[in-house]
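Engineer: Sequence unavailable; structure follows:
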């Protein structure tokens, strides 16, 4: 707890410092020795799919599906990047697509932020089983669901935690 207080005191931005203090858990017990790793303090708060048609003026040269995400940070430190596994599921809960990704983000302590980085899957007109073709039905029907597992968090102070 004392180390976290010291970290909070070192934050220069007033909003970050206040969020750090607000995020302190005064009655949290220390983890038991040999205990398994804790859950990531960064979680997916919201996800939204967007289907883009080709638009040469916007330099979109083939149809694509975009996944826009908002992340919540329950830690006392600003988050700069996350490594994650994204799984896209259909209405039955079956995995359509799963893959690793890394995103640069900027999430204040205790905050929820929209990620300016997003994932895209482009239509490959020469393949009928590409990720776009697998996802377009559930996405346009509104039944596709994105699940995210955070594997690694990079903090603004340079520390990295794995989960």
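Structural biologist: Structure's in. What do you need? Nothing here was measured: the structure is a model prediction, and the numbers come from that model. Numbering: from 1, shown residues only.
Engineer: which residues does residue 162 bridge with?
Structural biologist: residue 152 (DSSP bridges).
Engineer: I'd like to know how many residues surround it.
Structural biologist: Residue 162 has 10 neighbouring residues, counting by other CB atoms under 10 Å. All C-beta atoms are positioned from the backbone trio N, CA, C, and that covers glycine.
Engineer: Regarding stretch 121-137, how distant is the last residue from the first?
Structural biologist: 13 Å (CA to CA, to the nearest Å).
Engineer: so how far is it from its chain's centroid?
Structural biologist: 23 Å (CA atoms, centre = their mean, to the nearest Å).
Engineer: Equivalent analysis for stretch 114-131, please.
Structural biologist: Centre-to-centre, stretch 114-131 and its host chain are 17 Å apart (CA atoms, centre = their mean).
Engineer: quick one: buried residues of that stretch?
Structural biologist: Within stretch 114-131, the residues that qualify as buried are 115, 119, 121, 122, 123, 130, 131, counting by 16 or more other CB atoms under 10 Å.
Engineer: contacts for that stretch?
Structural biologist: Under the criterion CB atoms under 8 Å, 6 or more residues apart in numbering, residues 62-71, 86, 97, 101, 103-106, 132-133, 135-136 lie in contact with stretch 114-131.
Engineer: run the last query once more with 7 Å
Structural biologist: Stretch 114-131 has contacts (CB atoms under 7 Å, 6 or more residues apart in numbering) with 62-71, 86, 97, 101, 103-105, 132, 135.
Engineer: again, but for stretch 53-63
Structural biologist: For stretch 53-63, contacts defined as CB under 7 Å, 6+ apart pick out 52, 122, 123.
Engineer: do that again at 8 Å, thanks
Structural biologist: Residues outside stretch 53-63 that contact it (CB under 8 Å, 6+ apart): 51, 52, 122, 123, 124, 125, 132.
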